[in-house]
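Asker: dropping a prediction and its sequence here:
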Amino acid sequence: GKVTSPLAAFSFGGQAEGISVDELTYLHLRAGRTAQGRNLDPARFLIDRDEGGRAASVRIMRGTRFAPGDALGTVNAQAHTHLIVGPYGHQHNAIRLGLRNFSDGVPPRIDHVSLLDSAGRPLSAREEGRVLVPRAGGGVQVVVEAWDQVDGNLPRRRLGLHRVGYQVLGADGRPVPGFEQPAMQLDFSRMPADPGAVKLAYAADSGITVHGAARTRFLYVASNRVRGDEAAVDAWQPGALPPGDYIVRAHGEDAAGNRATGSTDLPVRILP
C-alpha cells in the first residue's frame, strides 16, 4: 500500500494512536516506534521532538510505500490492534480481506433472553415458569445476551454478533401472525450514520473490560431497529395478541452465517 494522507500517523502517544496506509488503518499502536520509543525505520518515519528532546509526533511522507511484512509500529498499552478497512464513515468488514488462516465455524451463543417494559424496567414476575407480560403499556423491549467466537479464540475471548432478532411463537411452537419469519432488527452489515445507534442496539449493562466493565457483555435490544440507514426505537406489542401462553425466541448469526444456539427461548404469559 501507499501512504496517501498528509496526516497518516495520528493521535501520537494516545491510546487511539494509529497509522493509515492507503485504505488500511491500524489503531492502537506506536506508529513507527519500538516499545522503547526508537525509530523503526528512519527512512520512512520522521520523529519530531520537543525542546527537551522528547518525541512529540511522527510524520510519514506521502507516497511512502509499505509491503506485506514491513513493520508499521508496535502494539501500545491497549494490547491489541484494530484493523479498519475503508475511509472513515464508509468502513468495510475487514474479514472480507481474506485474512490468512482465518476461519469461523463456531456458532454464536445466546445466554439469556429478557424483557423490559417501555420505561426500561425488567419484567421479572413469573407464573408457572412464564414471565408475565401486560398487554397494555407501550410495548415491550426484547433483550438478548449473546456472544460469538471464531476458530482459535481463547475461551475468555468474546466477540459481537452480526445479526440479532427475535420471533414470537404460540405455546405450540408455531409462529404467530406477523412473526412467520424472525424479525432481524439488528443487522451490522451496514451501519447507519447516526452516532446514537449504539445505544439503540445495546442495552445499558453492555460493556467490555478495556472500558472498565468487569466482563465483556453484549446485551442486544433485539426489538429496536439498527440496520442500513435505519436507527429507531421499536418494541414488541403484546397487545396485538390474545391473552395466553407464548414463546419469545431469540435469533442470531455471525458474519460467516453460523446460527446462534443456547438459551434461545423465553416462555411468557400475556395477561388479560
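Answerer: Yep, that arrived. Computed from a predicted model, the values in this text were never measured in an experiment.

Asker: going forward, measure contacts between C-alpha atoms and count neighbours the same way
Answerer: Fine.

Asker: give me the most central residue, this structure.
Answerer: Gly160 (4.7 Å; CA atoms, centre = their mean).

Asker: in this protein, where's the longest strand?
Answerer: Ranked by residue count and defined by DSSP state E, the top strand of the chain is strand 244-253.

Asker: got a pLDDT number for the closest residue to Leu159 other than its chain neighbours?
Answerer: Nearest non-adjacent residue to Leu159, counting by CA to CA, 6 or more residues apart in numbering: Asp148, 4.8 Å away. With respect to pLDDT, Asp148 scores 98.

Asker: tally of neighbours for Asp148?
Answerer: For Asp148, the count of nearby residues is 23 (other CA atoms under 10 Å).

Asker: pLDDT at Ala8, what is it?
Answerer: For Ala8, the predicted pLDDT is 96.

Asker: ok, it to Ile84 distance?
Answerer: 14 Å (CA to CA, to the nearest Å).

Asker: related to what we said a few turns ago, now what about the longest strand of the chain, what contacts it?
Answerer: Here strand 244-253 makes contact (CA atoms under 8 Å, 6 or more residues apart in numbering) with 107-108, 110, 113, 130, 144, 161-171, 173, 182, 184, 259-260, 264-271.

Asker: what does stretch 264-272 give?
Answerer: 110-114, 127, 129-135, 238, 242-251.

Asker: again, but for stretch 103-114
Answerer: With CA under 8 Å, 6+ apart as the test, stretch 103-114 has contacts from 122-123, 142-151, 161, 250, 252-254, 256, 258-266.

Asker: now, of those, which are buried?
Answerer: 123, 142-150, 161, 250, 252-254, 258-261, 263-266 (16 or more other CA atoms under 10 Å).

Asker: ok so, going back, need the buried ones from the contacts of stretch 264-272 selected in ChimeraX.
Answerer: In ChimeraX, this line selects whichever of these come out buried by 16+ other CA under 10 Å:
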select :110,112,113,114,130,131,132,133,134,135,238,245,246,247,248,249,250,251
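
Asker: sorry, back to before: residues in contact with the residue nearest to Leu159?
Answerer: By CA under 8 Å, 6+ apart, the neighbours of Asp148 are 106-109, 158-161, 254.

Asker: return the subset of those lying in helices.
Answerer: Among the contacts of Asp148, the subset assigned to helices under DSSP state H is empty.

Asker: any chance of those residues in a markdown table, plus distance to Gln91 and pLDDT?
Answerer: What follows is the contacts of Asp148, written out as a markdown table (distance: CA to CA, whole Å; pLDDT from 0 to 100):
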| residue | distance to Gln91 | pLDDT |
| --- | --- | --- |
| Val106 | 25 | 98 |
| Pro107 | 25 | 98 |
| Pro108 | 23 | 98 |
| Arg109 | 26 | 98 |
| Arg158 | 22 | 94 |
| Leu159 | 18 | 95 |
| Gly160 | 17 | 96 |
| Leu161 | 17 | 98 |
| Asp254 | 18 | 97 |
